[in-house]
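[1] Take a look and give me a structure for this.
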Amino acid sequence: MAKTKEEREQRRLEAKARAEKRKAAKDAAKQQKELHGDNDAATAADAKMNINDLRKNLPISKEHNSSLAMVTLPIDALSRVMRYLPAREWGAVSLTCTGLNLTLGGCRVSHISSRLMRREDEEGKQSTCGSMCLVGGLQLCVDRKEAQEILDRSFVGGGETNRLVSKKMKLSRKKNPNGDADADEYPAYARFVEEATLGYSAMQCSRDALFPTHVQGRFASCSPEHTLLRIGGGGNTASGPGGSGVASWGVGKRGQLGFGKREDEPEPRLLLSKIGWGVRIVQVAAGGGLVRVAHSLLLTSTGRVLSFGTAQYGALGHGYDAGKQLSDCLRPRYIDALKNEKCICVAAGELHSGVVTMDGDVYTFGEGFCGQLGLGDRRPQLLPIQVTLGGLEDECVNNMSMGCRHTLVTTDDGDVYSWGLGRFGVLGRSYTDFTYNNDVGMAVPEGEEGHVVGVAARPPPMQAAAMDNIINAANDDGTNDIMAALDALNLTLDDPSDQCYPKVIDSLQGVRCVGVSAGHRHSMVLDEFGGLYTFGSGASGALGHGDLQGQEYPIKVQEFDNMRVRIHQFSAGVDMSLAVDTQGTVYAWGKASEGRLGLGMGRLQTALPREVDVGDAKFKAVDVECGYVHSLIVGLDGSVYQCGGVGVDGKDDGQQDLDIEENQRGLPRLLSGFNIWHRIAEPKEKVVKEQWKKYGKYELKGRSKMLQEGVRSIG
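    Residues are numbered from 1 along each chain as shown. Modelled structure (predicted):
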């Protein structure tokens with residue numbers, strides 16, 4: 001900054017000179033227009049003038065560096081260069097080079113088509129500028145015209161969302177309604193597209209830390225009782241992305257919605273506490289099961305993890321509170337035990353959780369009675385512990401998914417490791433039994449409401465003499481004697497079963513896997529060519545093989561091969577499955593009652609993949625997520641459709657209590673007013689003024705409030 005009078009005067013003269021140049025350029029353009037105003041041919045020629053020629057008249061200050069090579073490029077060459085830039089850098093260029101901003105608007109179609117369209121040369125080989133998500137790539141559009149339509153739909157997808165528009169773009173829209181009035185908003189949409197198609201999401205914790213390509217919870221996550229959805233967010237700059245906030249809805253009795261109250265929410269509601277406006281969320285994970293417990297995890301762009309909901313068995317990773325209590329957390333709270341780790345992936349099961357760090361390490365915490373933590377025993381862990389057994393310490397893990405009582409991970413080499421309760425064949429491999437294994441329990445969906453079969457494994461019958469030995473040892477405070485008595489009865493949490501530690505799925509050797517999804521009692525694996533493998537319980541046809549038989553080892557879904565379909569994203573829920581192919585078509589199979597798969601109310605189950613129709617012929621999906629009685633479909637334009645529904649406030653599950661036409665029941669329902677990538681204004685939390693209590697003629701705050709304020713004033 002100039003400090004002397006001479007320097008300030010020099011800067012004023014430079015600013016005046018730049019203003020005179022801008023005025024001269026405007027006058028020259030006006031004279032040129034008047035000169036050719038009556039000449040139709042000249043007017044048509046001017047309309048086709050290269051944007052690069054118009055750009056020469058734009059005054060460029062020293063701050064914009066007029067010698068920059070990019071400024072001198074023709075528009076066609078500039079388009080080819082810009083398509084290789086990630087959306088984040090595109091936004092940075094448009095901000096720092098204001099003279100290029102509107103010019104870049106003409107490059108948007110070329111940039112977005114390179115992320116959506118597979119390009120091939122004369123020999124049929126894929127171009128390097130095409131989608132690199134799968135080896136074959138995506139084919140979400142066939143030409144630039146369709147790419148333009150997709151771009152136009154993105155600004156209106158989801159209906160009226162009150163998205164933020166810069167003042168400059170509002171003024172440009174008034175002057176030229178048919179121009180690039182949304183150029184400033186494009187970087188936000190491009191970031192959404194890159195996450196959805198390429199799996200690219202730059203993490204702020206490191207330039208080398210990238211988001212996993214195929215991951216559960218990229219935009220949405222469903223538990224049997226609640227839903228998390230990345231939505232909202234924004235910033236003061238054009239490159240500030242939408243989709244960095246979080247909305248939640250469903251049952252909230254355990255605080256899993258994060259609003260600070262134990263109340264249900266029938267419709268999506270944005271979380272506050274600066275989430276999306278200062279704290280950017282890049283992944284969500286909704287955990288829980290059929291036993292009325294649920295918790296949530298959020299991953300920030302800086303690699304930090306927040307958790308909230310039920311703290312039973314340590315699933316939140318916060319450890320004990322004061323007085324050795326495991327209190328539910330009603331608002332998002334950072335996991336302090338992971339503050340020195342930069343995480344790139346989070347996962348949540350029924351009562352356990354896990355994270356993957358940028359170094360490829362795995363940390364788990366929560367309930368471990370079925371070995372789902374992979375720590376070699378069946379003990380619960382209140383704080384995150386690194387998983388090092390089974391050779392996982394030497395592997396670089398890049399993806400993780402957690403089911404009811406089991407865990408799946410993939411490595412950079414394409415191997416899949418599994419551990420936890422092997423019942424129904426969800427591990428995809430052979431395993432040894434637990435030391436005692438009578439009715440190891442998990443909730444059964446077809447059972448009576450609220451009925452759980454054996455939440456804890458039942459030990460062998462205890463003899464009276466053995467019970468007396470334990471009681472006597474306890475009365476004498478003989479810890480060693482107690483442990484000896486328990487060992488004699490085989491009642492130890494140290495278990496040699498290989499269900500308690502990671503082990504590679506041998507049957508997938510030779511297949512490079514890029515994604516996994518762990519459901520309630522079945523699992524899914526995706527290979528690099530878009531082939532989908534399923535194993536576990538075949539109840540309701542959840543495996544997609546055309547029957548109800550379970551499979552102990554991964555079996556490829558042949559129906560997709562028969563249809564020449566390659567899968568891009570997928571999700572395993574409670575006896576149901578969803579998948580999206582590389583052309584944006586949604587397929588569903590498994591339990592379909594109450595419209596939970598969007599196949600209508602008449603179908604109870606389907607054992608083969610069926611196409612899901614959202615009622616829009618131009619709709620293309622990029623992500624899906626399954627729960628128990630509901631599921632979500634995320635569109636390429638940022639809109640979200642919900643199938644089925646979770647009953648809140650004592651209402652039944654499904655869509656019976658919604659104001660929907662009879663012929664639309666059981667079909668996907670658009671969440672109107674919501675679009676994942678749209679930037680919106682930050683909602684303000686209402687501050688309720690505290691009402692003083694009146695005692696006689698005096699108004700007092702109460703003893704506890706007075707003491708708290710006294711402590712603050714002293715501090």
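[2] hang on, residue 94 packs against residue 184?
    Yes: in this structure, residue 94 sits in contact with residue 184. The criterion is CB atoms under 8 Å, and the distance is 7.3 Å. Yep, even glycine has a C-beta here, placed from its N, CA and C like the rest.
[3] What are the phi and psi values at the nearest residue to residue 392 once chain neighbours are set aside?
    The shortest distance from residue 392 to any non-neighbouring residue, by CB to CB, 6 or more residues apart in numbering, is to residue 502 (4.5 Å). Comment: the main-chain dihedrals of residue 502 come out as phi -60, psi 140, following degrees, to the nearest 10.
[4] With residue 521 as the reference, measure out to residue 502.
    For residue 502, the distance to residue 521 (CB to CB, to the nearest Å) stands at 20 Å.
[5] got it, and residue 149?
    In this structure, residue 149 lies at 42 Å from residue 521, with CB to CB as the measure.
[6] So for those two, which sits in the more crowded spot?
    In this comparison of residue 149 against residue 521, neighbours counted by other CB atoms under 10 Å, the higher total goes to residue 521 at 27 against 12.
[7] can you pull the pLDDT of the more buried one?
    You'll see residue 521 listed with a pLDDT of 94.
[8] Is it in contact with residue 538, as I believe?
    No: taking contact to mean CB under 8 Å, the distance of 9.7 Å between residue 521 and residue 538 leaves them out of contact.
[9] contacting residues for the residue nearest the centre of the chain?
    In the chain, the centroid-proximal residue (CA atoms, centre = their mean) is residue 218; its distance is 2.3 Å. The neighbourhood of residue 218, defined by CB atoms under 8 Å, 6 or more residues apart in numbering, consists of 195-196, 199, 211, 230, 283, 569, 623.
[10] next one: residue 625
    Under the contact definition (CB under 8 Å, 6+ apart), the residues listed for residue 625 are 216-217, 219-222, 571, 578, 631-632, 634.
[11] one more time with 7 Å, if that's ok
    Residues in contact with residue 625 (CB atoms under 7 Å, 6 or more residues apart in numbering) are 220-222, 571, 631-632.
[12] hmm, back to that, please tell me how far the residue nearest to residue 392 sits from residue 374.
    Shown here: residue 502 relative to residue 374, a distance of 5 Å by CB to CB.
[13] which SS class is residue 606?
    The three-state label for residue 606, taken from DSSP: H, G, I helix; E, B strand; the rest coil, comes out as strand.
[14] Tell me what it is bridged to.
    Per DSSP bridges, residues listed as beta-bridge partners of residue 606: residue 590.
[15] ok, back up a step: which two in the contacts of residue 625 are spaced the farthest apart?
    When those are compared pair by pair using CB to CB, the two farthest from each other are 221 and 631, 11.3 Å apart.
[16] Now do the helix or strand harbouring residue 95, average pLDDT.
    Assigned by DSSP states H and E, residue 95 belongs to helix 87-96. Mean pLDDT, taken over the full extent of helix 87-96, equals 77.
[17] Kindly report the same for stretch 356-368.
    Taken as a whole, stretch 356-368 carries a mean pLDDT of 93.
[18] Dump the C-alpha coordinates for that stretch into CSV.
    Listed in CSV are the C-alpha atoms of stretch 356-368, where the atom choice follows Å, rounded to 0.1, in the frame of the first residue of the first chain:
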residue,chain,number,x,y,z
VAL,A,356,-9.8,-43.8,6.3
THR,A,357,-6.9,-41.4,6.5
MET,A,358,-5.0,-39.8,3.6
ASP,A,359,-2.2,-42.2,4.4
GLY,A,360,-4.4,-45.2,3.8
ASP,A,361,-4.8,-46.2,7.5
VAL,A,362,-8.1,-47.4,8.9
TYR,A,363,-9.5,-46.4,12.3
THR,A,364,-12.6,-48.0,13.9
PHE,A,365,-14.6,-47.4,17.0
GLY,A,366,-18.0,-48.4,18.6
GLU,A,367,-19.5,-51.8,19.3
GLY,A,368,-17.2,-54.7,18.5
